[in-house]
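Novice: fold the stuff below for me.
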Amino acid sequence: MSTDERAENLREMAALGNLKAVRAYIRSGVDMNSQNKMNQWTALHWACVRGNKDVAEFLICVGADISLKNNKGQTPLDVCKSDGIRALFPGYSAVGPVDTPVSGDDAKRPPHGAPELPFVPNYIANPDLAKAWDMPEDALLGSQGESGYMRQLQHEASVSSGVPTGQQPTQAQAAQQAMSTVTASAEEREILVYNGHCEDQNLLGSVFVNPQDQTIAGLGAQILDELDGLPKSFSISRYNGKQIVPVSTKQEAFSVDRVFRGDNDAVVIVAKGEH
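Specialist: This next block holds a predicted model:
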């Protein structure tokens, strides 16, 4: 499957509110900031206009570009349908933000004051609601071949079995659950994660990653998924034992081992606006 197709699938999952699939796509290398060629909408645009707060919060926290505009000149903030989602954006403030439920025909209408889209993808006009909770196979494709694919399966199985309550797991789902119990590969590396400063009282925990297969953006997604006590939105910096070094947005597509080269390098989570 082409990169463009997977990017379009990411946007579809964001529109449907499938947070698990959105996480998997980004971890496996899909560009979270990719834009539809015709209307220039991003995954964050769709999460905001559809009222999918969990997806919007995740995308913002892992560094989605909130300044990208669609072909009408609208940013994701411009198409938001609820103050609850608007409040997730750095610098936005509102008195008593209230979520506005979005369902049925309302989900297909543009936000108040916004023009109708000249082009609406079929998956938006006629959504396949089963995809709102399924894990698409192409979301699990590893960026580094079969070994990366297997590690992705292991991780997703450890997060959730994906089996509805009262339903017996399929053979494939049982296999994924079994793989999640396997001891971490010798290739994996533990990286400590601190909040703000590298001090014992600020230690949030640690994550295990394969530094060759995991990207910096994927590392941020994994930290958000696995650890508690994180700022509402954050960026990643590297502590090299002497000083805290910011990781630029251009480095988000780099592999972890390209940025975190020292054996004792640690991640420092920096709240947006505190640079």
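Novice: what about the strands in the protein?
Specialist: In the chain, the strands defined using DSSP state E lie at 189-195, 203-209, 234-239, 244-246, 266-271.
Novice: low-scoring pLDDT stretches of this protein, where are they?
Specialist: 1-3, 93-186, 273-275 (pLDDT under 70).
Novice: domains in the protein, by residue range?
Specialist: Per the record, the chain has its domains at 3-132, 142-179, 189-271, by automatic domain parsing.
Novice: want to try JSON lines for the strands of the chain, with distance to residue 226 and mean neighbour count as columns?
Specialist: In short, each C-beta sits where N, CA and C put it, glycine included. As requested, the strands of the chain are exported to JSON lines (distance: least, Cβ to Cβ, whole Å; neighbours: other Cβ atoms under 10 Å):
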{"stretch": "strand 189-195", "distance to residue 226": "9", "mean neighbour count": "18"}
{"stretch": "strand 203-209", "distance to residue 226": "6", "mean neighbour count": "17"}
{"stretch": "strand 234-239", "distance to residue 226": "14", "mean neighbour count": "21"}
{"stretch": "strand 244-246", "distance to residue 226": "22", "mean neighbour count": "14"}
{"stretch": "strand 266-271", "distance to residue 226": "12", "mean neighbour count": "21"}
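Novice: okay, the ones you listed in JSON lines with distance to residue 26 next?
Specialist: Putting those into JSON lines (distance: least, Cβ to Cβ, whole Å) gives the following:
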{"stretch": "strand 189-195", "distance to residue 26": "18"}
{"stretch": "strand 203-209", "distance to residue 26": "14"}
{"stretch": "strand 234-239", "distance to residue 26": "14"}
{"stretch": "strand 244-246", "distance to residue 26": "21"}
{"stretch": "strand 266-271", "distance to residue 26": "17"}
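Novice: among the ones you listed, which comes closest to residue 50?
Specialist: strand 234-239 (24.1 Å; Cβ to Cβ).
Novice: parallel or antiparallel, list what pairs with that closest one.
Specialist: Applying DSSP bridges to the sheet, strand 234-239 is found paired with strand 244-246 (antiparallel), strand 266-271 (antiparallel).
Novice: picking up where we left off before, nearest to residue 31, of the strands of the chain?
Specialist: Using Cβ to Cβ, the nearest of the strands of the chain to residue 31 is strand 234-239, at 17.2 Å.
Novice: one step back: so which of the strands paired with strand 234-239 gets nearest residue 58?
Specialist: Smallest distance to residue 58 across those (Cβ to Cβ): 14.9 Å, for strand 266-271.
Novice: direction-wise, compare the closest one with strand 189-195 and give the angle.
Specialist: Interaxial angle, strand 266-271 versus strand 189-195 (axes from the mean of the first three to the mean of the last three Cα atoms, to 10 degrees): 30 degrees.
Novice: could you check how far the residue nearest to residue 7 when sequence neighbours are not counted is from residue 262?
Specialist: Among residues not flanking residue 7 along the chain, residue 34 sits closest, at 3.8 Å (Cβ to Cβ, 6 or more residues apart in numbering). Distance from residue 34 to residue 262, counting by Cβ to Cβ, to the nearest Å: 32 Å.
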